[in-house]
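Asks: Take this sequence and fold it.
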Amino acid sequence: MKSISAKVSNGCQVGTYLKCVDNSGAKELQIIAVKNYKGVKNRIPGCGVGSLVVCAVKKGNPKIKHEVVLAVIVRQHKEYRRPNGMRI
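Replies: As a prediction, this is how the structure comes out:
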């Protein structure tokens, strides 16, 4: 799979609520950690498109509710910049 050829700005951070876009039964997720994040002390970890995050299921199927799951960010509202200067 080809990587994103852009500088992705961090559109989400720990505590952000996300809509789940797969068929697992979860409807809403909350980010509780960002995998492979290397930051400084007391900085809230951020993540963008393509980041692997640890989430808690807040709404959805009763069997999967309150589970801790891994997720990948596939969409965000915050634009990101391509090498030619265009923002998406």
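Asks: Nearest residue to the residue positioned nearest the centre of the chain in space, please, no chain neighbours.
Replies: Taking C-alpha atoms, centre = their mean, the centroid of the chain lies closest to residue 73, which sits 3.7 Å from it. In this structure, residue 73 finds its nearest non-sequential neighbour in residue 51, 4.9 Å apart by C-beta to C-beta, 6 or more residues apart in numbering. C-betas here are computed from N, CA, C, even on glycine.
Asks: Residue 37 too?
Replies: Of all residues not flanking residue 37 in the chain, residue 45 sits nearest, at 4.4 Å (C-beta to C-beta, 6+ apart).
Asks: burial of that neighbour, as a residue count?
Replies: Using other C-beta atoms under 10 Å, the number of residues around residue 45 comes to 18.
Asks: same deal with residue 40?
Replies: Neighbours of residue 40 (other C-beta under 10 Å): 5.
Asks: That one in helix, strand or coil?
Replies: coil (DSSP: H, G, I helix; E, B strand; the rest coil).
Asks: where along the chain do the strands fall?
Replies: For the chain, applying DSSP state E gives strands covering 12-13, 17-19, 26-34, 46-47, 52-60, 68-72.
Asks: for those, which one sits closest to residue 4?
Replies: For residue 4, the closest of the strands of the chain is strand 68-72, at 12.1 Å, according to C-beta to C-beta.
Asks: isn't residue 36 right up against residue 50?
Replies: No - counting by C-beta atoms under 8 Å, residue 36 sits too far from residue 50 to count as a contact (11.2 Å).
Asks: Show me which of those two is the more surrounded one.
Replies: More neighbours surround residue 50 than the other of residue 36 and residue 50, with 13 against 7 (other C-beta under 10 Å).
Asks: which ones are touching the closest residue to the more buried one other than its chain neighbours?
Replies: In space, and not counting its chain neighbours, residue 50 is closest to residue 4: 5.7 Å by C-beta to C-beta, 6+ apart. Going by C-beta atoms under 8 Å, 6 or more residues apart in numbering, residue 4 touches 49-50, 80.
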